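Predicted structure and sequence below. I'll ask about it afterward.
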Amino acid sequence: MQKLTIKHSAVTLLCCVLSIGLYAASAQAEDQTPQVSSSATGVIEATPDIAIMNGKVMVQEETPEKAVSEARIKLDNVIRYIKSEGVKAEDLQAAQVLVNPIWHYQKDKPRQLTGYQAYADFTAKVRDVRKLSALYGGLIKAGVTELNPTSFDFSLREDLELQAISKAVELAKKKAEAGLKPLGQQVGDVLSMNVDTRWQQPPMYKTSRMVMSAEADMVGAAPEVNIGNQAIQATISVTFEVK
């Protein structure tokens, strides 16, 4: 009798486990919320109002001391000129003057030291892009040896990104509503959302040392810069509850 009782208990336990499993699966199915997903892109166009200029001063001399001294003089002249154009100190960065030896190599002969090159980089954030054209020639006259391509930015970029996000969310909701309307259903609360913002920077204005040196020697010569409107995009992927 004892053995039969043990087997009966095991069967009863198995039935309980199966019942609990079926109940959990049924409860999970009942808890699933009807959902609808949608995605959209919001676009805001604006003109960049910040120009970021960077370049370097470079000097070649017979001794490292003279090269560094001449480079510092040039860099100081450049910094003074940039400040005179209304660029604030916090928008101006200038690196330390560095110096390297200049070697001349000839085939089958030992290398020969021919001098020293000193250089220093600088970066200026120009918050009035109307001054940009005049700055190109002025920087060359002040002693800049090379100007790198100019990049651009927005002073209110965060606000523009928020506008693009709002526009994308509204469009994503309209898409979801359009899909549910023929079914007699409505969009409910947001269950999840992914946001991605980006903007394609305008083509960087490229400068040439040779061309700009020639323009700097001409009275009133300054290259024209047309930045134009640029698009800031926000892409939204959102999941709504279905009512």
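Ah, there it is.

Can you list the buried residues in the helix or strand hosting A168?
Assigned by DSSP states H and E, A168 belongs to helix 157-180. Within helix 157-180, the residues that qualify as buried are 157, 160-161, 163-165, 167-169, 171-173, 175-176, 180, counting by 16 or more other CB atoms under 10 Å. In this view, the C-beta of every residue, glycine as well, is placed from N, C-alpha and C.

likewise stretch 131-140?
In stretch 131-140, counting by 16+ other CB under 10 Å, buried: L132, L135, Y136, G137, G138, L139, I140.

which strand in this structure runs the most residues?
Using DSSP state E, we find that the single longest strand of the chain is strand 112-126.

What's the first helix or strand after that one?
helix 132-142.

what about that following helix, distance to the chain center?
On the basis of CA atoms, centre = their mean, to the nearest Å, helix 132-142 sits 27 Å off its chain's mean C-alpha point.

Show me what that helix is packed up against.
strand 50-61, helix 64-84, strand 146-147, helix 209-216 (3 or more CB pairs under 8 Å, 6 or more residues apart in numbering; DSSP states H and E).

Just the C-alphas of that helix, formatted as CSV.
Output of helix 132-142 as CSV, limited to C-alpha atoms (Å, rounded to 0.1, in the frame of the first residue of the first chain):
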residue,chain,number,x,y,z
LEU,A,132,34.5,85.4,-42.5
SER,A,133,35.5,86.7,-46.0
ALA,A,134,37.6,89.6,-44.6
LEU,A,135,39.3,87.3,-42.1
TYR,A,136,40.8,85.1,-44.8
GLY,A,137,43.0,87.8,-46.2
GLY,A,138,43.6,89.4,-42.9
LEU,A,139,45.0,86.2,-41.3
ILE,A,140,47.5,85.8,-44.2
LYS,A,141,48.7,89.4,-43.7
ALA,A,142,49.0,88.8,-40.0
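
Direction-wise, compare it with helix 64-84 and give the angle.
On the basis of axes from the mean of the first three to the mean of the last three CA atoms, to 10 degrees, helix 132-142 is oriented at 150 degrees to helix 64-84.

Following the chain onward from the helix or strand of the chain with the lowest mean pLDDT, which element is next?
Counting by mean pLDDT, DSSP states H and E, the chain has its least confident helix or strand at helix 209-216, which shows a mean of 42. Later in the chain than helix 209-216, the nearest helix or strand by DSSP H and E is strand 230-242.
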